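Undergrad: Next input, structure requested:
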Amino acid sequence: MPSIKFSRIWKIAYPILVGNVAQNLLIITDTAFLGHLDAISLGAAALGGVFYMAVMMLGLGFSIGVQIIVARRYGEERYESIGAVLHHALFFMVPFALALWCLLRFSGDGILSHLVKSPDVMNGVGQFLNMRIWGICFGFIIYVCQSFFVGIARTKIILPVTCTIVAVNILLDWAMIFGHLGFEATGIRGAALASAISEMSGAAVYFFYICILRKQDFRRFGLFRKISYSAAAMRNLVKISVPASLQNFLSVASWFIFFAMVEKIGEQELAISNIGRSLYAIFLLPVWGFSAAVNSLVSYSIGCRKPLLIYPITGKAALITALSILLMEGLTWVFSDFVTSIYTNIPSLGEATVVIMPAICISALVFGISFICFNTISGTGNTHISLFIEIIATCIYVAICILSVEVWHWGIMYVWLIDGFYGVMMIIASLIYLGMGKWMKRKV
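TA: Predicted structure coming up:
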């Protein structure tokens, strides 16, 4: 790999760009349908969705560690050991998903009751989570499969998997929320169950592709052949993956605190922030693809003993990401009335969303660039450093969120700008660490 061109980054990123946003697209479609019910359902879905996403980040973060190791082995041309990495990932992820299901099923309402002020919103959040948790195990399996394909830079399968997930979710949202195709109209519960079933369908597509359709093609990686457990292999996987898992959890958990603070401002502010969160997810669609490409290419470059390539990789990915976000923000701003009409038919909610849109655009742009820089650190295998940076930034972010609402009484637009400040902190910390060069000695 003599150089890293824009085309190589794009080749890896574009299927992920479309496909690695399944959770975000589920949120977008749920929000669009629930926005035509009432503000309470919209707000409850916001809190329940972010809380569930925080839990799922434990699995997604762990899979980032899996992806780092797979890409490193691929760069070292140690192909047969890649299957063992995936086997041990499943050994860890499936029991972990079941444990999280039990925790949320029996303790989720108790945890949330201390954070949510409105009884109506709390009732909606409980209904949402009790259905949504049925997708946890399948979501974790999707993350493991995805980490394999991103690690070996063969990402085209991610696109049809995500198309399946989104298509199933849209159809079932329409059927279950409003009561079509013989289903009972179950509102927010239907939206959550539709998302869970769509994740099951995505896991089924991955299973069919790996184990049946392309079984012979993947034999060189040792997938599902000579499955055995190695304590040493599991320790190495946990050492790399757990910090990434905790870092991703903290990142989204801090956003849950953000929404908990917004709920204290008012139910309408929570509802428009859910629409804002969905727009935020749309703006950041390019980020997930390019950050995954950076993560994989950085680890691959180090495996090929060309560590200095990480600087052009990061710079080019950050540039493409910024331009992509600006393009999507520009289109959304020009057609803002049409966009908000998709999410709600309540005029006051649409108008209020347009008012906070500049703050959302600024925060999304800064956060997108910071995420690229941050994933470069993860790609080097120094996930404990990324966790340390995340802890410091999250503590500052949460403190400002609480103070902005409880003490300073900021308006909703200024509260949304806190995300941009968080992104600035992450960019500065990432660039300082990468400039030090200590990451070059890290072995995975």
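
Undergrad: For Thr155, give me phi and psi.
TA: Backbone torsions of Thr155, given as degrees, to the nearest 10, read phi -100, psi 0.

Undergrad: Next, work out how far apart it and Ile302 are.
TA: 20 Å (Cβ to Cβ, to the nearest Å). Where you see a C-beta, it was placed from the backbone N, CA and C, and this is true even at glycine.

Undergrad: same question, Ala191
TA: Look at Ala191 and Ile302: by Cβ to Cβ, they are 42 Å apart.

Undergrad: Following the chain past the one helix or strand Arg73 maps to, name the next helix or strand.
TA: For Arg73, the enclosing helix or strand under DSSP states H and E is helix 39-75. Using DSSP H and E, the helix or strand that follows helix 39-75 in sequence is helix 80-113.

Undergrad: Quick one: mean pLDDT for the helix or strand encompassing Tyr414?
TA: Assigning secondary structure by DSSP H and E places Tyr414 in helix 412-416. Mean per-residue pLDDT for helix 412-416: 92.

Undergrad: Pull out the buried positions in that helix.
TA: Neighbour-count burial for helix 412-416 flags Ile412, Val415, Trp416 (criterion: 16 or more other Cβ atoms under 10 Å).

Undergrad: I'd like to know which elements that helix is packed against.
TA: The contact analysis (3 or more Cβ pairs under 8 Å, 6 or more residues apart in numbering; DSSP states H and E) places helix 412-416 against helix 231-265, helix 267-283, helix 347-379, helix 383-406.

Undergrad: relative to helix 383-406, how tilted is the longest one?
TA: Using axes from the mean of the first three to the mean of the last three Cα atoms, to 10 degrees, one finds that helix 231-265 and helix 383-406 are set 10 degrees apart in direction.

Undergrad: circling back: show me how far the helix holding Arg73 is from its chain's centre.
TA: 4 Å (Cα atoms, centre = their mean, to the nearest Å).

Undergrad: can you pull the buried residues of that helix?
TA: 39-75.

Undergrad: Now the spatially most distant residue from the centre of the chain: which helix or strand?
TA: Going by Cα atoms, centre = their mean, the residue of the chain most distant from its centre is Gly182, 33.0 Å out. Of the helices and strands defined by DSSP H and E, none includes Gly182.

Undergrad: and it, how far is that from Ser254?
TA: Taking Cβ to Cβ as the measure, Gly182 falls 42 Å from Ser254.

Undergrad: Also Ser241?
TA: 20 Å.

Undergrad: With Tyr311 instead?
TA: Separation of Tyr311 from Ser254 (Cβ to Cβ) stands at 29 Å.

Undergrad: likewise Ser147?
TA: 24 Å.

Undergrad: For these two, indicate the residue with more neighbours.
TA: Comparing Ser147 with Ser254 by other Cβ atoms under 10 Å, the one with more neighbours is Ser147, at 28 against 21.

Undergrad: Distance of that one relative to Tyr74?
TA: Ser147 is 12 Å from Tyr74, by Cβ to Cβ.

Undergrad: Would you confirm that Phe258 contacts Ile400?
TA: No: look at Phe258 against Ile400 with Cβ atoms under 8 Å: they stay out of range, at 9.9 Å.

Undergrad: Mind checking which of the two has more residues around it?
TA: Just comparing Phe258 and Ile400: by other Cβ under 10 Å the higher neighbour count belongs to Phe258, 25 against 18.

Undergrad: Which residue is the nearest non-sequential neighbour of the more buried one?
TA: Closest residue in space to Phe258, ignoring its immediate chain neighbours: Cys401 at 5.2 Å, by Cβ to Cβ, 6 or more residues apart in numbering.

Undergrad: hang on, that neighbour packs against Trp255?
TA: No: using Cβ under 8 Å, Cys401 is not in contact with Trp255, being 9.3 Å away.

Undergrad: Let me see the contact set for Ile313.
TA: Ile313 is in contact with Ile4, Ile9, Val294, Leu297, Val298, Ser301, Thr376, counting by Cβ atoms under 8 Å, 6 or more residues apart in numbering.

Undergrad: Which element, helix or strand, includes it?
TA: helix 310-334.

Undergrad: next SSE after that helix?
TA: helix 336-343.

Undergrad: Do me a favour and average the pLDDT over that next one.
TA: Averaging pLDDT along helix 336-343 yields 85.

Undergrad: Which parts of that helix count as buried, going by neighbours?
TA: The neighbour-count check on helix 336-343 (16+ other Cβ under 10 Å) flags Val339, Thr340, Ile342, Tyr343 as buried.

Undergrad: nearest residue to the second one other than its sequence neighbours?
TA: Looking back up the chat, that one is Thr340. Per Cβ to Cβ, 6+ apart, closest to Thr340 is Gly350, 3.8 Å.

Undergrad: Just confirm that neighbour contacts Ile342, I think it does.
TA: No: contact between Gly350 and Ile342 fails when scored by Cβ under 8 Å: they sit 9.7 Å apart.

Undergrad: More neighbours: which of Ala191 and Ile302?
TA: Ala191 (29 against 26).

Undergrad: distance of that one from Asp30?
TA: Ala191 is 5 Å from Asp30, where distance means Cβ to Cβ.

Undergrad: who touches both of these two?
TA: Ala45, Asp173.

Undergrad: And for the residue nearest to Ala233 when sequence neighbours are not counted, the neighbour number?
TA: Closest residue in space to Ala233, ignoring its immediate chain neighbours: His88 at 5.3 Å, by Cβ to Cβ, 6+ apart. Neighbour count of His88, defined by other Cβ under 10 Å: 24.

Undergrad: got a list of what His88 touches?
TA: Applying Cβ under 8 Å, 6+ apart, we find His88 in contact with Tyr229, Ser230, Ala233, Met234, Leu237.

Undergrad: What of Val242?
TA: With the criterion set at Cβ under 8 Å, 6+ apart, Val242 makes contact with Phe62, Gly65, Thr383.

Undergrad: gap between it and His384?
TA: Applying Cβ to Cβ, the value for Val242 to His384 is 9 Å.

Undergrad: Would you mind extracting the C-alpha trace of the helix holding Tyr414 into PDB?
TA: Output of helix 412-416 as PDB, limited to C-alpha atoms (Å, rounded to 0.1, in the frame of the first residue of the first chain):
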ATOM      1  CA  ILE A 412     -32.800  25.100  24.000                       C
ATOM      2  CA  MET A 413     -30.700  26.400  21.100                       C
ATOM      3  CA  TYR A 414     -27.800  27.300  23.400                       C
ATOM      4  CA  VAL A 415     -28.100  23.900  25.100                       C
ATOM      5  CA  TRP A 416     -27.700  22.300  21.600                       C
END
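
Undergrad: Sweet, I'm off.
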